[in-house]
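1. Everything below, folded, please.
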Amino acid sequence: MCSLYIDGDAIHASFFLKDDTHNLHNAIESVYVTDPGGTNPATEFCPNSKIVGFCSEMANIGKEVHQGVEFEVCSTPLWRLTLNASYSFLNRDITYAFEACPM
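-> Numbers count the residues shown, from 1 in each chain. You can find the predicted model right below:
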């Protein structure tokens with residue numbers, strides 16, 4: 001985190017990165033796989049699925065990277081008035097290892 005203070009006002013900035021080399025291991029996410037019963041309501045295995053013809057299952061992810069930045073500005077222009085503004089940006093890249101999913 002980096003902070004800058006000017007006459008009682010403050011500016012903060014943060015950058016973060018989480019990936020396989022920065023302690024992000026064994027992430028488990030919900031993935032969709034093809035329903036073995038197909039799209040026929042009489043034979044489908046997942047009748048309550050959000051996507052027809054697919055089943056949702058929890059799977060270990062092959063690779064996942066989370067990175068982003070946060071900015072915050074705090075100001076007190078008047079004695080009883082404080083203004084705060086902030087912005088966050090998150091970028092997630094997920095690579096699924098479908099070959100590891102049971103079928």
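2. Check the chain and tell me which residue is nearest its centre.
-> The residue lying closest to the centre of the chain (Cα atoms, centre = their mean) is residue 92, at 5.3 Å.
3. tell me which strands and helices the helix or strand encompassing it is in contact with?
-> For residue 92, the element it lies in under DSSP states H and E is strand 81-95. Applying 3 or more Cβ pairs under 8 Å, 6 or more residues apart in numbering; DSSP states H and E, one finds that strand 81-95 makes contact with strand 63-78. Every residue, glycine included, has its C-beta placed from N, CA and C.
4. Could you tell me the angle between the strand it packs on and strand 81-95?
-> Here the directions of strand 63-78 and strand 81-95 differ by 170 degrees (axes from the mean of the first three to the mean of the last three Cα atoms, to 10 degrees).
5. can you list contacts of strand 63-78?
-> The contact list for strand 63-78, computed with Cβ atoms under 8 Å, 6 or more residues apart in numbering, reads 8-20, 24, 27, 29, 82-95, 97.
6. related to what we said a few turns ago, note down every partner strand of the strand holding residue 92 and its orientation.
-> strand 63-78 (antiparallel) (DSSP bridges).
7. Now the partner strand - C-alpha only, CSV.
-> In CSV, the C-alpha atoms belonging to strand 63-78 read as follows (Å, rounded to 0.1, in the frame of the first residue of the first chain):
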residue,chain,number,x,y,z
LYS,A,63,-4.6,-22.3,-12.6
GLU,A,64,-6.1,-19.1,-11.1
VAL,A,65,-4.7,-15.6,-11.0
HIS,A,66,-6.3,-12.7,-9.1
GLN,A,67,-4.9,-9.3,-9.5
GLY,A,68,-6.1,-5.8,-9.0
VAL,A,69,-5.7,-2.3,-7.8
GLU,A,70,-7.5,0.0,-5.3
PHE,A,71,-7.4,3.8,-5.0
GLU,A,72,-8.9,5.9,-2.3
VAL,A,73,-9.0,9.7,-1.8
CYS,A,74,-10.0,11.3,1.5
SER,A,75,-10.4,15.0,1.9
THR,A,76,-11.8,17.5,4.5
PRO,A,77,-12.6,20.7,2.6
LEU,A,78,-14.6,22.1,5.4
